[in-house]
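Enquirer: just to be clear, the model below is a prediction. Sequence and coordinates:
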Amino acid sequence: MADTPLKVVQGTALNADQKRDLLHRLARVEGQLRGVQKLIAQAAVPSDCDGVAQQMAAARKALDRAFVNLLTSAMVTQTADSANMEDAAERTRQLAALLNKFA
């Protein structure tokens, strides 16, 4: 990610602060995964697997947290600009289906 900066587009899915927060979280996960790769490459004895497993679990939890953050941010942003309660309810149903599909 640091090599090629992403162009952040303006839209209604997420606001700029939400996007910035998610991109920051994902960059941290990316760094954790690079660290896991190094640990695996350097593993020499069975006890090294404990450290690898711990770091993998931490990266997985951080990615899960980013996923939850994505969905909660989307719920807030996409329902806030709804024209009426019916529109807000429909958007909420769509986001709930997304959560049900991927969680």
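Expert: Happy to help now that I have it.

Enquirer: centre-most residue in the chain?
Expert: The centroid of the chain falls nearest to A66 when counting by CA atoms, centre = their mean (2.8 Å).

Enquirer: residue furthest from the geometric center of the chain?
Expert: Largest centre distance within the chain, by CA atoms, centre = their mean: V45, 32.7 Å.

Enquirer: can you classify that one by secondary structure?
Expert: coil (DSSP: H, G, I helix; E, B strand; the rest coil).

Enquirer: circling back: from A59, how far off is the residue nearest to the centre of the chain?
Expert: 11 Å (CB to CB, to the nearest Å). (C-beta placed from N, C-alpha, C; glycine too.)

Enquirer: shared neighbours, these two?
Expert: V29 (CB atoms under 8 Å, 6 or more residues apart in numbering).

Enquirer: correct me, but the residue nearest to the centre of the chain touches R25?
Expert: Yes. Using CB atoms under 8 Å, A66 makes contact with R25 at a distance of 4.3 Å.

Enquirer: any idea how far the residue nearest to the centre of the chain lies from P46?
Expert: 31 Å.

Enquirer: quickly find the element holding the residue nearest to the centre of the chain.
Expert: Assigned by DSSP states H and E, A66 falls within helix 48-80.

Enquirer: by contact count, what packs against that helix?
Expert: Applying 3 or more CB pairs under 8 Å, 6 or more residues apart in numbering; DSSP states H and E, one finds that helix 48-80 makes contact with helix 16-42, helix 85-102.

Enquirer: skipping its backbone neighbours, what lies nearest A58 in space?
Expert: Q32 (6.2 Å; CB to CB, 6 or more residues apart in numbering).

Enquirer: residues in contact with the one you found?
Expert: So Q32 contacts 55, 58-59, 62 (CB under 8 Å, 6+ apart).

Enquirer: JSON lines for those residues, including distance to A80, neighbour count and pLDDT?
Expert: Below are those laid out as JSON lines (distance: CB to CB, whole Å; neighbours: other CB atoms under 10 Å; pLDDT from 0 to 100):
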{"residue": "Q55", "distance to A80": "37", "neighbour count": "18", "pLDDT": "93"}
{"residue": "A58", "distance to A80": "33", "neighbour count": "14", "pLDDT": "94"}
{"residue": "A59", "distance to A80": "32", "neighbour count": "19", "pLDDT": "95"}
{"residue": "A62", "distance to A80": "27", "neighbour count": "18", "pLDDT": "95"}
